[in-house]
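>>> For reference, the sequence and a predicted model appear below.
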Amino acid sequence: MQNRAGFSFRLIAVASLVAALSSCAGRPEGVLIPTATASVPDTSTVDVLVATTRKPSEAPGILFSGERGREPSVTEIKVSIPPDSAREVGQVQWPKKLPANPAKEFATLSVTPLQIGGARNWLHHNLPKSRRVMVFVHGFNNRYEDAVYRFAQIVHDSNTDVAPVLFTWPSRGSIFAYNYDKESTNYSRDALESMLRQLSTDPAVGEVTIMAHSMGSWLTVEALRQMAIRDGRVAPKIQNVILASPDLDVDVFGRQFAELGPKHPHFTLFVSRDDRALSLSRRISGNIDRLGQVDPTVEPYRTEFEKAGIVVLDLTKLKGGDRLNHGKFAESPEVVKLIGNRLIAGQTVTDSDVGLGERLGAVALGTAQTVGGAASVAVSTPIAIFDPATRRSYNDQVGRFGQAVGNTMETAVGQ
C-alpha cells in the first residue's frame, strides 16, 4: 500500500508540475472576439476553416467549450499575425489584454459560422494553385482558441502553399482531464473521417496532407483506419500524414498501420526522447513506449520503420521553446520551415535522388583523399533524419569509405 501511495503521490506531483508549466495564467479570455482596428503595416492574415465536435459556448469570444457537441460545426476564422520584426518565429504572441494590439500580438479579425455549402465555397475560394489542403488535428490539453492560434502560427511560419483546415475535438484544456480527452478523440472519429472523405472526393482538391499533434495522432490514425475498413483503402488524395510527438501506444500503432492496407499514405514522424509530456503519458498508460518517444536507431524500431517506409525526424537534440519539449515541431524555426518547404509539398525530407546519408558520406569521403585526412561518418545535427533511402545509402557510403581508406593505406605502405 505504501508503494502504491508513493507512486500516486509522485504521479500527482508530476501532473501538478505539468499543469503549472502549461497553464494559461495571465492570458485574457475571449481572444476570439473580433478586433475592429485600422490596418497595421506588415501584418499578415491567416484564413482558417475550423471544423469541430465541441459544444458551442455562450461565453463571448470562447465560441466552443471543451464539452462534446451533438453535431459538428464549421467556422471561418481570420487571424492577424504581427509583423515579422515584432515576433519570434515558432511562437504565438498571445494578447496581454483585450482588445489585442495587432502590431505586437495575434488578433482575431473575423468569425463567420458556416453551413456545409458555405464551407465548400470557402474551400474553393481558398485553394491555392497547388490544390493542396492541410488538415491539422491538435493534441491533449488544448482549448478551442489554443488550437486556432497555434495552427495559424504554423501556417504562417511554414509559409506553406495550402488551404488550411483545422479539426478541433472536445478537450477540456486541463492536465487532469487526460481520460476525458482520450474518450473525446474516440467520440470524434466518425466526424473526422467524414470530413476527410468530403475533402478527398471534392474534384477541386488535388491532395490532402494531415498533420496531427500528440493525442490528435490517435484520432487521426483511427479515422484513417476506419476509412480503410469501410472503403477498402484510404482515399488516394490523402498522400501525407505527419504525426508530431504522437501520443500513441507503439503496439497499437503497429496494428492500426497494418489495417490501413498496402496503399496507405506516406507517414512522417517527429519524435523526441526528452518529451516530458509523453513520459507522463507512458507512466499512466501501462508503461508501454509512446510512438513519439522512441529511438529510431535501435531495434525493433529501426527495422520496422524501414519496412513500413516511415520517415522519422528525431528532434531530441533540438532545443524546444517549452519546458516539456512537447511542441518542438511548431516552435522550432527549422522544423516549421521544413514542414512548409518539403513535407506539405509532398516531397521527401531528403533529396529524391541523393539521400541525406549519401550526401553526408560524400562529404566524409571528400575529406579523406590522403592518408591522415580527418573524416567522420557520424555527423551530429540538431535534427537527425532517418528514412529508408538514407539508411541504405548511408550504410553503402560507410562501406565504401572503409574500402577507400583501406586501399589508400595499402598504396601508402607499398610506396
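Received the coordinates, thanks. Residues are numbered from 1 along each chain as shown.
>>> where in this structure is pLDDT low?
The chain contains residues with pLDDT under 70 at 1-26, 37-38, 320-322, 325-327, 329-330, 333, 340-381, 388-415.
>>> That one: strands as residue ranges?
Assigned by DSSP state E, the strands in the chain fall at 44-56, 64-81, 107-114, 132-137, 163-168, 207-213, 238-244, 266-271, 311-314, 384-386.
>>> Pairing partners for the first one, with directions?
Each strand that pairs with strand 44-56, with its direction, by DSSP bridges: strand 64-81 (antiparallel), strand 163-168 (parallel).
>>> Between strand 207-213 and the last one, find me the angle.
Angle, strand 163-168 to strand 207-213, by axes from the mean of the first three to the mean of the last three Cα atoms, to 10 degrees: 40 degrees.
>>> circling back: got CSV for the strands of the chain, with mean neighbour count and distance to G30 too?
C-betas here are computed from N, CA, C, even on glycine. Shown next, in CSV, are the strands of the chain (neighbours: other Cβ atoms under 10 Å; distance: least, Cβ to Cβ, whole Å):
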stretch, mean neighbour count, distance to G30
strand 44-56, 20, 15
strand 64-81, 18, 13
strand 107-114, 18, 9
strand 132-137, 26, 23
strand 163-168, 24, 17
strand 207-213, 26, 24
strand 238-244, 24, 28
strand 266-271, 23, 32
strand 311-314, 23, 37
strand 384-386, 21, 42
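>>> looking at these, which is closest to A177?
Closest to A177 of the strands of the chain, according to Cβ to Cβ: strand 64-81, at 7.5 Å.
>>> Please work out the angle formed by the directions of the closest one and strand 107-114.
Using the same axes, to 10 degrees: strand 64-81 against strand 107-114 is 130 degrees.
>>> Distance from strand 64-81 to the middle of the chain?
20 Å (Cα atoms, centre = their mean, to the nearest Å).
>>> just the CA coordinates of stretch 269-279, formatted as PDB?
Written as PDB, here are the backbone C-alpha positions of stretch 269-279 (Å, rounded to 0.1, in the frame of the first residue of the first chain):
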ATOM      1  CA  LEU A 269       7.000  11.100 -37.500                       C
ATOM      2  CA  PHE A 270       8.500  13.800 -35.300                       C
ATOM      3  CA  VAL A 271      10.000  12.100 -32.200                       C
ATOM      4  CA  SER A 272      11.900  13.400 -29.200                       C
ATOM      5  CA  ARG A 273      13.200  11.200 -26.400                       C
ATOM      6  CA  ASP A 274      13.200  14.100 -23.900                       C
ATOM      7  CA  ASP A 275       9.500  14.700 -24.300                       C
ATOM      8  CA  ARG A 276       8.300  15.000 -20.700                       C
ATOM      9  CA  ALA A 277       4.600  15.100 -21.500                       C
ATOM     10  CA  LEU A 278       4.900  11.700 -23.200                       C
ATOM     11  CA  SER A 279       6.900  10.400 -20.300                       C
END
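>>> Off-centre distance for it?
With Cα atoms, centre = their mean, you get 12 Å for stretch 269-279.
>>> Could you do stretch 189-203 as well?
Using Cα atoms, centre = their mean, the offset of stretch 189-203 from its chain centre is 20 Å.
>>> ditto for stretch 174-185
With Cα atoms, centre = their mean, you get 19 Å for stretch 174-185.
>>> Just the residues contacting it, thanks.
15, 18-19, 22, 53, 66, 68, 140-141, 169-172, 215-216, 218-219, 222, 281, 284 (Cβ atoms under 8 Å, 6 or more residues apart in numbering).
>>> now for the strands of the chain, which one comes closest to P95?
strand 107-114 (7.0 Å).
>>> by contact count, what packs against the closest one?
strand 64-81 (3 or more Cβ pairs under 8 Å, 6 or more residues apart in numbering; DSSP states H and E).
>>> residues in contact with the nearest residue to L248 once chain neighbours are set aside?
With Cβ to Cβ, 6 or more residues apart in numbering as the criterion, L248 has its nearest non-adjacent residue at 4.2 Å, and that residue is L291. Taking Cβ under 8 Å, 6+ apart, we find L291 in contact with S217, L243, P246, D247, L248, D249, V250, F253, L269, V271.
>>> was I right about L219 contacting A212?
Yes: assessed by Cβ atoms under 8 Å, L219 is found in contact with A212 at 7.0 Å.
>>> Return every residue with contacts to both of the two.
With Cβ under 8 Å, 6+ apart as the test, L219 and A212 both reach V137.
>>> Quick check: closest non-adjacent residue to R70.
Nearest non-adjacent residue to R70 (Cβ to Cβ, 6+ apart): K55, at 7.9 Å.
>>> Would you check how far apart that neighbour and R150 are?
Distance of K55 to R150, computed by Cβ to Cβ, to the nearest Å: 21 Å.
>>> Check A86 too.
Counting by Cβ to Cβ - A86 and R150 are separated by 19 Å.
>>> Between the two, which has more neighbouring residues?
R150 (21 against 16; other Cβ atoms under 10 Å).
>>> Please report how far that one lies from V79.
In terms of Cβ to Cβ, R150 sits 10 Å off from V79.
>>> Could you report the distance from the most centrally placed residue in the chain to F151?
Centroid-nearest residue in the chain, with Cα atoms, centre = their mean: A244, separated by 3.5 Å. Computed as Cβ to Cβ, the A244 to F151 distance reads 12 Å.
>>> next one: V221
19 Å.
>>> so A235 sits right up against T201, yeah?
Yes: A235 is within contact range of T201, at 7.4 Å (criterion: Cβ under 8 Å).
>>> which of those two has more neighbours?
A235 (18 against 10).
>>> What backbone torsions are found at the more buried one?
phi -50, psi 130 (degrees, to the nearest 10).
>>> quick one, what contacts it?
Per Cβ under 8 Å, 6+ apart, neighbours of A235: L196, R197, S200, T201, V208, M227.
>>> ok, those residues vs V40, which is closest?
Nearest to V40 out of these is V208 (Cβ to Cβ; 33.2 Å).
>>> Can you verify my assumption that the closest one contacts V133?
Yes: with contact defined as Cβ under 8 Å, V208 counts as touching V133 (4.9 Å).
>>> I'd like to know how many residues surround G206.
16.
>>> and it, what is it in contact with?
S130, R131, R132, K237.
>>> Select only the buried ones of the contacts of stretch 174-185 in ChimeraX?
Buried members of the contacts of stretch 174-185, defined by 16 or more other Cβ atoms under 10 Å, are picked up in ChimeraX with:
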select :15,18,22,53,66,140,141,169,170,171,172,215,216,218,219,222,281
